[in-house]
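In: Task: produce atomic coordinates for the following.
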Amino acid sequence: TDNGVRHYSGTKNDIINGTPLNNHTDYFFRVEAYSFNSDPLASPKTLSSSAVLKVTPQRPIAGTEFSFDFADTLSVTHVTGLSDGVVTPLIIDPDKLTGDGYMVVFEEDTLLGPVWHLLNTTTGDTVLYQVTNQTGDDDYVIVDGMLITVSGPSVPGMKDWEIPTGTRRFTWANADGFGWEGFNGAMGWGGPGDTHGFGTFTPMPPSTHVTVLLVLAQVDTLDGTDTLGSFTFDQTGADTNVSYAYRYGRGFTSAPAQPEFAPFMIDVTNGGYRFQDFTQSVPLSAWNMDVSPPQRLAVGYLENNAVDGRLDGKYFPGSFTIYDNVAGTGPREWLWIFLEDYSTTPNAAYMGDAIGDSMPVLWWVMPNRRGVVPFSEDSTGQDQFLLISNHINTAVDVFTFTATAPSVSLTGEQFLDDIKTVPNPYYLFSSYDNSSNSRILKFINLPATCEISIYNLAGHFITRISKDDPTTTEATWNVENDFNVPVASGIYIYVVDAPGFGQKIGKMAIFTEIEILGQY
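Out: Residues are numbered from 1 along each chain as shown. The predicted structure is shown next:
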């Protein structure tokens with residue numbers, strides 16, 4: 001499908017014959033890699049290289065028991081950090097598992113961006129260094145019998161939203177024109193200075209983005225309309241969810257769009273989104289839910305000197321049926337949430353221009369209300385809104401796992417009984433023979449190290465085969481004696497001496513073609 005390099009392939013089926021794979025049968029695979037030149041004038045268009053691999057399915061080495069099978073995954077612990085990242089160690093070769101402990105850690109590289117490393121915590125070695133892939137696809141290298149995939153959000157932002165208690169009071173209707181990533185375009189990650197070319201201010205680093213809970217204070221509507229003065233909330237300090245906030249103004253160098261706006265236009269000299277005042281003027285509190293206990297956060301908001309503005313020194317977005325909260329002529333009641341401890345006294349650093357000064361803004365909240373409705377009409381905090389953040393992998397996040405190695409758990413008697421010769425009887429030839437002149441008989445299910453002695457029924461020594469290979473359970477015999485002469489038909493005895501496990505004695509029948517010695 002031309003979808004990139006894949007570093008492994010697994011099958012249990014003989015695709016050609018439509019049967020399961022057979023142990024100790026040789027199968028051949030061709031692996032081909034190619035590159036394609038999309039230039040219409042290129043010649044050749046494609047370059048390729050290939051290799052043919054012989055693969056022989058077989059049991060594990062005698063006496064060995066695997067803790068995992070191919071395509072199993074290891075259990076991973078997210079030790080520290082709050083990221084949404086997932087680390088998945090996929091078992092490719094169970095025989096290569098080391099039994100060691102491993103750790104995945106992250107860092108922000110100045111040239112490569114976010115990278116991760118795989119450390120062997122048992123040996124202290126760095127197994128993989130500065131890996132940039134965090135997509136969770138197949139394009140990872142295989143190490144120590146495992147393919148380690150790492151995934152997670154590539155950028156922060158709003159992942160989702162919830163209503164923990166009460167009624168949803170916000171809507172994206174007539175408030176989604178900026179196309180934010182959250183709440184159908186009406187909420188997102190970003191500060192006023194960097195959004196849509198407003199300025200040069202860069203929002204908070206991705207590693208600091210947090211999930212925020214808005215706890216709505218009690219707001220009453222007075223006359224069923226949604227005009228200025230038609231609602232009220234406690235600004236005396238009795239309602240603790242009413243927040244002191246930094247208020248900024250747009251278009252305040254122009255004459256008041258409505259006469260009643262004038263008392264609330266304080267800095268009318270400087271352009272931009274200039275700071276106006278710091279009062280208890282926002283009927284909600286904002287809380288960082290990624291720490292315990294939750295951290296109350298500072299907030300700010302914008303008011304717009306426009307014909308359809310709601311400029312009254314308070315934050316309270318309008319009904320979606322009346323106002324367009326994105327339009328330049330609309331209210332633009334935009335709430336900004338800072339990664340800054342809440343305080344009832346202002347920070348001078350935030351008393352300038354919202355689109356020109358550096359401010360630790362995490363969230364831009366610009367929805368309308370869902371009609372002419374109050375907040376928390378029965379009691380403060382009744383209505384809540386949760387902004388759920390994407391949490392990228394950062395230097396704080398650490399994942400650990402252990403790759404349990406194969407173990408020797410079978411007794412010698414158990415696996416010695418499984419040692420066999422194939423085919424038995426050997427009749428003229430075997431399926432392993434690759435030419436008319438070759439003879440191949442296999443001893444299977446052997447331990448890593450052993451010695452096989454072959455005798456005829458009279459006890460005469462025929463030949464000896466030594467095996468010292470932990471990668472295979474087979475040994476082959478060319479059906480010849482120690483003098484490279486084919487043996488005669490008959491019954492033969494084989495003795496397998498397996499150090500540490502014991503001895504296996506068996507019989508095999510050999511039937512060969514009649515040989516006539518020539519006379520000269």
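In: Please count neighbours and contacts with C-alpha atoms only from this point.
Out: Fine.
In: for the stretch 101-250 of the chain, what are the low-confidence residue spans?
Out: Applying pLDDT under 70 to the stretch 101-250 of the chain flags residues 193-207.
In: now the strands: where do they sit in it?
Out: For the stretch 101-250 of the chain, applying DSSP state E, counting those that start in this stretch gives strands covering 101-109, 113-120, 126-131, 142-143, 146-151, 157-162, 170-171, 187-189, 212-216, 219-221, 231-233, 243-250.
In: Nearest to Leu416, out of those?
Out: Closest approach to Leu416 among the strands of the stretch 101-250 of the chain (Cα to Cα): strand 146-151, 30.5 Å.
In: by contact count, what packs against that closest one?
Out: strand 86-91 (3 or more Cα pairs under 8 Å, 6 or more residues apart in numbering; DSSP states H and E).
In: Take the strand it packs on, keep the C-alpha atoms, and write them as PDB.
Out: Once non-C-alpha atoms are left out, strand 86-91 reads as follows in PDB (Å, rounded to 0.1, in the frame of the first residue of the first chain):
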ATOM      1  CA  VAL A  86       1.000   5.900  25.500                       C
ATOM      2  CA  VAL A  87       4.100   3.700  25.400                       C
ATOM      3  CA  THR A  88       3.500   0.200  24.000                       C
ATOM      4  CA  PRO A  89       6.300  -2.400  23.900                       C
ATOM      5  CA  LEU A  90       5.200  -4.800  21.200                       C
ATOM      6  CA  ILE A  91       6.900  -8.300  21.400                       C
END
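In: For that strand, list every residue counted as buried.
Out: Of the residues in strand 86-91, Val86, Val87, Thr88, Pro89, Leu90, Ile91 count as buried by neighbour count, 16 or more other Cα atoms under 10 Å.
In: Equivalent analysis for stretch 268-279, please.
Out: Val268, Gly272, Tyr273, Arg274, Phe275, Gln276, Asp277, Phe278, Thr279.
In: which other residues reach that stretch?
Out: 244-254, 265-267, 302, 345-346, 350-356 (Cα atoms under 8 Å, 6 or more residues apart in numbering).
In: Name only those of these that count as buried.
Out: The buried subset of these (16+ other Cα under 10 Å) comprises 244-253, 265, 302, 346, 350-356.
In: so where do the helices sit in this structure?
Out: Secondary structure of the chain (DSSP state H): helices at 412-416.
In: related to what we said a few turns ago, make TSV out of the buried residues of stretch 268-279 and add distance to Ile452 and pLDDT.
Out: What follows is those, written out as TSV (distance: Cα to Cα, whole Å; pLDDT from 0 to 100):
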residue	distance to Ile452	pLDDT
Val268	99	96
Gly272	90	89
Tyr273	88	93
Arg274	90	95
Phe275	90	97
Gln276	93	98
Asp277	93	98
Phe278	91	98
Thr279	92	97
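In: Show me these that map onto strands.
Out: With DSSP state E as the criterion, strands contain Tyr273, Arg274, Phe275, Gln276, Asp277, Phe278, Thr279 from among the buried residues of stretch 268-279.
In: Now flag whichever of these is closest to Gln384.
Out: For these, the nearest to Gln384 is Thr279 (22.2 Å; Cα to Cα).
In: out of the buried residues of stretch 268-279, who's nearest Asp144?
Out: Looking across these and measuring by Cα to Cα, the closest to Asp144 is Tyr273, at 56.8 Å.
In: What separation do you get for the closest one and Ala262?
Out: 17 Å (Cα to Cα, to the nearest Å).
In: Same check on Leu416?
Out: 97 Å.
In: Tell me which of these two has more neighbours.
Out: Leu416 (22 against 16; other Cα atoms under 10 Å).
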